[in-house]
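S.K.: Structure of the sequence below:
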Amino acid sequence: MTSNVKTPITRIASLLLPLLVGFVSQAQAPQLINYQAVARHANTGAELANREVYLQVQVRAGGPSGNIVYQESHENIITDAFGLFSIHIGGGNMLAGNFSQISWGYNSHWLDISMDIGAGLLPFGAMQFVSVPYALHAGTVANVDDADADPSNELISNVVFNNEASTLTIEEAGVNFDVDLSALANTPDADADPTNELINTVNFNTGTSTLTIEEAGVNFDVDLSALANTPDADADPTNELIPIGGLSLSGTMLQIVEGAVTHQVDLQPIISAIILPNQTTTGWDVTTAPNRVFNNTARVGIGHTAPSGQLEVRGTGALGEAVFLATRTDATTIFGINSDGVRIPLSSSISIQGQVRYAPKILSGSGNYTVEPTDHILVWKVNYSGPRSIFLPLATDFPGRVIKVVKAVTGANSQISISSFSQINFGFGPLTMTANDVSSITFLSIGADGWITMDGWED
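M.R.: Numbering: from 1, shown residues only. Sure, this is the predicted structure:
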């Protein structure tokens, strides 16, 4: 709302004179209260005629500064030629609480009005409802008798308070009712200590249907009797009870038996909607015929937060730790990957379909060469000046290692000498592939006994 009023705030304060607070009597109580008042200038007493005003209405419980149980606003209200305006309390823009849930008969209630005519919202104090709004109060007790003879099926079974959301959840006959208590949690106490507004305990008295909230040593009571007397519209007290064994799950179908009535819920959409952390569109797909779980786009890491492949399993690095195991139904290991290598039990065997191939390393240029851990086949194909040597690693470092050396050229200067840093059980010391030979030789490490030749010379 805008206004051209430039008078200081202390000069535009207005006086509200309530003319009528009443109720319309109907067969069913309307959730509205008629309110009329005259807006006057605070200093002159003159009516504020034909003015646009903004109103804020608060209903307080227990006193003029009591807890706010309901709050609403009214915009674009126009006073008449005498400063008179009318509103329906309960029909404005709801800001806090629920007008239909005010327990008029449990406590005294006060009406607190604030007005803004262009220079900010100004409070005008509170006035007590001197008579209980009997029609609204009657609406809260009209259904005391719920048409059955069993008082136990309206009992509240559970009360849970969510401290973070300041929400109270009341479970009655399997139905949850939520009550917003944020107005209590955020009530200021005019000091600089943020710890003495913390709620300490929440207790519910089933006999009086009263909720007591203790905050900083002060008790706040909330009347929940209106919820406790909610009717269930039938005379059967058993049809709100789920018996023991009334819940069962078959595949993705959840079955609930309540009062001899069976309800079924298919949970397949929930299972199919599993989303990986930090992802919004890529998830797991689940099929039931046959049973499969798959993800065809995301990378999966086990023991690793940033997998470099589609599936990466990382162990802790402890010696002998199993990183991956394939086992039989009796838990016997068929194949395992440990932190120190791949292990196959003596009772298992490896079947390789197709061909086993190694990538040869081509040696060229001049200079000696020391075999690397990844080498399998070495091919020396270029003539060079002077004989050269190939050094095998320690046989004890690579038991079972196979190395094949191929000399693919001939010539006066193409002689190759093969030796090792440890004892070589060649039978006659280092081997020499002569200048005029095109030949190959294969070596096998037998650990502490050195290297042996497997196939002799090949022309």
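S.K.: Checking L168 next. Helix, strand or coil?
M.R.: strand (DSSP: H, G, I helix; E, B strand; the rest coil).
S.K.: cool, and A183?
M.R.: A183 is classified as helix under three-state DSSP.
S.K.: For it, give its distance to R60.
M.R.: A183 sits 11 Å away from R60, going by Cβ to Cβ, to the nearest Å. C-beta: built from backbone N, CA, C; applies to glycine.
S.K.: shared neighbours of the two, anything?
M.R.: Among the neighbours of A183, those also in contact with R60 (Cβ atoms under 8 Å, 6 or more residues apart in numbering) are N67, I68, V69.
S.K.: For S250, state which of those residues is nearest.
M.R.: The nearest member of those to S250, counting by Cβ to Cβ, is V69 at 47.5 Å.
S.K.: Give me the distance between the closest one and F99.
M.R.: From V69 to F99 the distance is 9 Å (Cβ to Cβ).
S.K.: Which neighbours do the two have in common?
M.R.: With Cβ under 8 Å, 6+ apart, V69 and F99 have common neighbours V59.
S.K.: Comparing those two, which residue is more hemmed in?
M.R.: Using other Cβ atoms under 10 Å, the more surrounded residue of V69 and F99 is V69, with 23 against 20.
S.K.: So A183 and R60 - more neighbours on which side?
M.R.: R60 (21 against 16).
S.K.: Starting from whatever helix or strand that one lives in, tell me which strands it pairs with and how they run.
M.R.: Secondary structure from DSSP states H and E places R60 in strand 52-61. Looking at strand 52-61 with DSSP bridges, its partner strands are strand 67-78 (antiparallel), strand 109-116 (antiparallel).
S.K.: the bottom helix or strand of the chain by mean pLDDT?
M.R.: helix 9-12 (a mean of 35; mean pLDDT, DSSP states H and E).
S.K.: so where's the stretch 51-200 of the chain shaky on pLDDT?
M.R.: Applying pLDDT under 70 to the stretch 51-200 of the chain flags residues 131-155, 184-198.
S.K.: which one of the shared contacts of A183 and R60 is nearest A119?
M.R.: Closest to A119, out of all of these and judged by Cβ to Cβ, is I68, at 23.8 Å.
S.K.: In contact with that closest one, which residues?
M.R.: Applying Cβ under 8 Å, 6+ apart, we find I68 in contact with Q58, V59, R60, A96, G97, D112, A183.
S.K.: can you check D266 too?
M.R.: Shown in contact with D266 (Cβ under 8 Å, 6+ apart): T252, M253, L254.
S.K.: Just to check, S166 is in contact with V179?
M.R.: No: using Cβ atoms under 8 Å, S166 is not in contact with V179; the gap is 9.6 Å.
S.K.: Overlap of the contact sets of those two?
M.R.: In contact with both S166 and V179: no residue, using Cβ under 8 Å, 6+ apart.
S.K.: Looking at this structure, name the residue that lies furthest from the middle.
M.R.: Here the centre of the chain is the reference, and by Cα atoms, centre = their mean the most remote residue is A412, at 75.8 Å.
S.K.: if I look at that residue, how far off is A435?
M.R.: Distance from A412 to A435, by Cβ to Cβ: 5 Å.
S.K.: which neighbours do the two share?
M.R.: Between them, A412 and A435 share no contacting residue, judged by Cβ under 8 Å, 6+ apart.
S.K.: Next, count neighbours for A318.
M.R.: The burial count assigned to A318 is 10, neighbours taken as other Cβ under 10 Å.
S.K.: show me what contacts it?
M.R.: Taking Cβ under 8 Å, 6+ apart, we find A318 in contact with S339.
S.K.: can you check the one 4 residues further on too?
M.R.: A322 is in contact with G315, G336, I337, N338, counting by Cβ under 8 Å, 6+ apart.
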